[in-house]
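K.L.:
Got a sequence here, can you build the structure:
(2 chains)
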Amino acid sequence: MSVTKSSRPPVAPPTGGRRPPRPAGPLAALFFLLVVVAASLAIGAREFSFGEVWHGLLDPHAPAYTVVRQTRLPRTLLGLLAGVALGLAGGVMQALTRNPLADPGLLGINAGASAAVVSAITFLGVTSLGGYVWFAFAGAGAVSALVWAVGGGRAATPGRLALAGAAVNAALYAYVSAVELLDTASLDTMRFWTVGSLATARPSTVTGVAPFVAAGVLLTAVLARPLNALALGDDGARALGARPTGTRAGAIVAVTLLCGAATAACGPIVFVGLMVPHLVRALTGPDLRRLLPYCAVLAPVTLLGADVLGRVLGRPGEVQVGIVTAVAGGPVFLSVVRRRRVAGA
Amino acid sequence: MSEAIVIRTSGGFSVRLRPRPLAVGAACVLVALVVAVLAIGGGDYPMSPADVVRTLLGRGTSADAFIVEQVRLPRVLTALAAGGALALSGAAFQALARNPLGSPDLLGFTQGAAAGALTVIVVIGGGGLALAAGAVTGGLVTGAAIYLLAWREGLHGSRLVLVGIGVAATLTGIDGYLLTRANIPDAARAVLWLTGTLDGRGWGDLAPLLAAMIVVVPIVLLGCARGLRILEMGDDAATALGVRVERVRLALLASAVLLSALAAAATGPVAFVALTAPQLARRLTREPGPNLLPSLCMGAALLVTADLVAQRLIPGHRLPVGVVTGVLGGVYLIGLLAGRRRAGRP
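P.N.:
Model prediction:
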């Protein structure tokens, strides 16, 4: 590995083969995760000390039990699940499209899921998560196929794919607001859902989406190696024993499962799938076997961190997590665009 | 290419007119006028087209004159003006971004105008003129921000697109935040405005848009069109041919932002007119280049027709015009992209 992208001489002497394992990285990532989980359980409209929260978690007779166990615990678990889902989906999509700007929110996949859910709620009267999660999958799957085809498939450039996604996003946004207009009663609930929020989490929400996220995570784990091979191009991948078509199809299924589940549970959330793999890649390099596990830990850190931040900033109410990630993720996206020469629109 | 008519004045000023684009523009104007007469004639107080024309010429009954002048004419004129302004700004953006999808709806300008207007609706609680001022301010601030962020040794088309998409996504989050802060009547009003509607538009909504168009449209059509056409050959060629590249770009961007923001202030950010009108115009004229004047006429015809359809589509239920343009635009967009794919263009 003596080839470097910049013209500067490499600082460290080039190492051959696998890097020596560094335990500091994973430990730090897990530590951050622990911190945001603790913060998510402890911080909210009602103020408790850490001791009270701890008792509230374990002791049914503690004063904090209802708040911590019924509201904050499901919310935190949902944040973990949705974070894992969005981070992995972003990582897989960036590898699949070989596009540093791929993000389930930007490419309209979350919007597809949400348009399907809004239709299900309004026209078919579906009210339970177990009912509309299937619509979310249908919407996410249809839009990922559409954006992929419309953006030019394998020949897609970053700019073209992003524009195709933005266009599909705009069309779906117009549709969703039209539906909201026709039905003022559902506007009240949907205007909170369509910005992306963890606030409505119930224990049943968590158990409802957990199996789908788990399936997506498993599929992603299986796909990490063939997707690595795919980075070499189709011929190179075949020579290494991977099957390009099957891998792509599997990756689209995984993205659909992950994005559909996350969107059904907490509404469309942008930029988490973009930011996290980007920051992680600077740490791990492009190998998906190292990149994806970090994404799976650090994406929930980002999402829960944004959620806690929204609770602190919006006191006594809260700012929905989807808004915090949109506002925080925009500058990251812009810095990527400005730094790299992402050509071709 | 067919024969062109060239008009020259003694001051060294010349305009080249080609028959086909002129015919397309004239056809669009004709369609717009016919639809306008139908739209003025329809409603709870129906009037025959002949009555409408007679009233417009000042020879109708006083009841007809009241309905036409106070209620229906301002609405139709707002549709014509806003459609034209949106289409012209879309044509300019598409030429600047060198991409048929580079319209103000996708590049964040519309979302910026929406953020300004929502701030007025939700935080200040105003309407009418304050709302228009908010939309214009939001649009202009966003335009300046996108220009500065995308500028690096000149304005590059694809960077403008990507920066615009990023800004649009961020602003959508802010718009959503403002929407969740509103009480229910304000939220319903805000969503209606965000979709784009012509309901209840009067002379007061039309005046600022019309005043700005009288100034800006000639600047774009006469001052920038030639430079823009040469700009499509690339920056180096344009510079060699004596075009001041950055100056033309800045003037066009400023005009386009102003037009789209004022149109949004008058009607709300009606989706996809800015995207589709220049494309349709270009197909009909079969001319390369930005097709600014045919786009303007096409946009006016498109929006006034969409409003007529929106009012009559479901009997007894008036849809906002933005729903119709949104759905039509979405379908058109997918067709456009599929066509691009078939043509194998990168």
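
K.L.:
three-state assignment of the closest residue to B:Leu206 other than its chain neighbours?
P.N.:
Distances taken as C-beta to C-beta, 6 or more residues apart in numbering or on different chains put B:Thr78 closest to B:Leu206, at 4.8 Å, once the chain neighbours are dropped. Glycine gets a C-beta too; all of them are placed from N, C-alpha and C. Following DSSP: H, G, I helix; E, B strand; the rest coil, the label given to B:Thr78 is helix.

K.L.:
B:Thr78: neighbour count?
P.N.:
Using other C-beta atoms under 10 Å in any protein chain shown, the number of residues around B:Thr78 comes to 24.

K.L.:
so what's it up against?
P.N.:
Each residue near B:Thr78 by C-beta atoms under 8 Å, 6 or more residues apart in numbering or on different chains is listed here: B:Leu198, B:Arg201, B:Asp205, B:Leu206, B:Leu209, B:Ala266, B:Thr267.

K.L.:
distance of it from chain A?
P.N.:
Applying C-beta to the nearest C-beta, to the nearest Å, the value for B:Thr78 to chain A is 20 Å.

K.L.:
May I ask which two of the contacts of B:Thr78 are separated the most?
P.N.:
Greatest spacing in the contacts of B:Thr78, by C-beta to C-beta: B:Leu198 and B:Leu209 (12.3 Å).

K.L.:
tell me the domain ranges of chain A?
P.N.:
For chain A, automatic domain parsing gives the domain ranges A:102-269, A:271-336.

K.L.:
Give me the distance between the two termini of the shortest one.
P.N.:
Domain A:271-336 has an end-to-end distance of 12 Å (C-alpha to C-alpha, to the nearest Å).

K.L.:
mind checking how far stretch B:83-92 is from the chain centre?
P.N.:
Its chain's C-alpha centre and that of stretch B:83-92 lie 4 Å apart, by C-alpha atoms, centre = their mean, to the nearest Å.

K.L.:
near chain A at all, it?
P.N.:
No: taking C-beta under 8 Å from any C-beta of the partner chain as the criterion, stretch B:83-92 and chain A are apart, separated by no less than 13.0 Å.

K.L.:
before we move on, back to that, how about the domains of chain A in JSON lines, adding distance to chain B and mean neighbour count?
P.N.:
Conversion of the domains of chain A to JSON lines gives the following (distance: least, C-beta to the nearest C-beta, whole Å; neighbours: other C-beta atoms under 10 Å in any protein chain shown):
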{"stretch": "domain A:102-269", "distance to chain B": "3", "mean neighbour count": "21"}
{"stretch": "domain A:271-336", "distance to chain B": "2", "mean neighbour count": "22"}
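
K.L.:
Which of these comes out lowest on mean pLDDT?
P.N.:
Mean pLDDT values for these show the minimum at domain A:102-269, a mean of 82.

K.L.:
among the helices and strands of chain B, which one scores worst on average pLDDT?
P.N.:
Ranked by mean pLDDT, DSSP states H and E, the weakest helix or strand in chain B is strand B:14-17, scoring a mean of 69.

K.L.:
Beyond that strand, next helix or strand please.
P.N.:
Downstream of strand B:14-17, the first helix or strand assigned by DSSP states H and E is helix B:19-41.

K.L.:
Output the contacting helices and strands for that next one.
P.N.:
For helix B:19-41, the packing partners by 3 or more C-beta pairs under 8 Å, 6 or more residues apart in numbering or on different chains; DSSP states H and E come out as helix B:49-56, helix B:73-97, helix B:273-285, helix B:292-312.

K.L.:
Could you tell me the angle between the last one and helix B:73-97?
P.N.:
The one in question is helix B:292-312. For helix B:292-312 against helix B:73-97, the angle between stretch directions is 130 degrees (axes from the mean of the first three to the mean of the last three C-alpha atoms, to 10 degrees).
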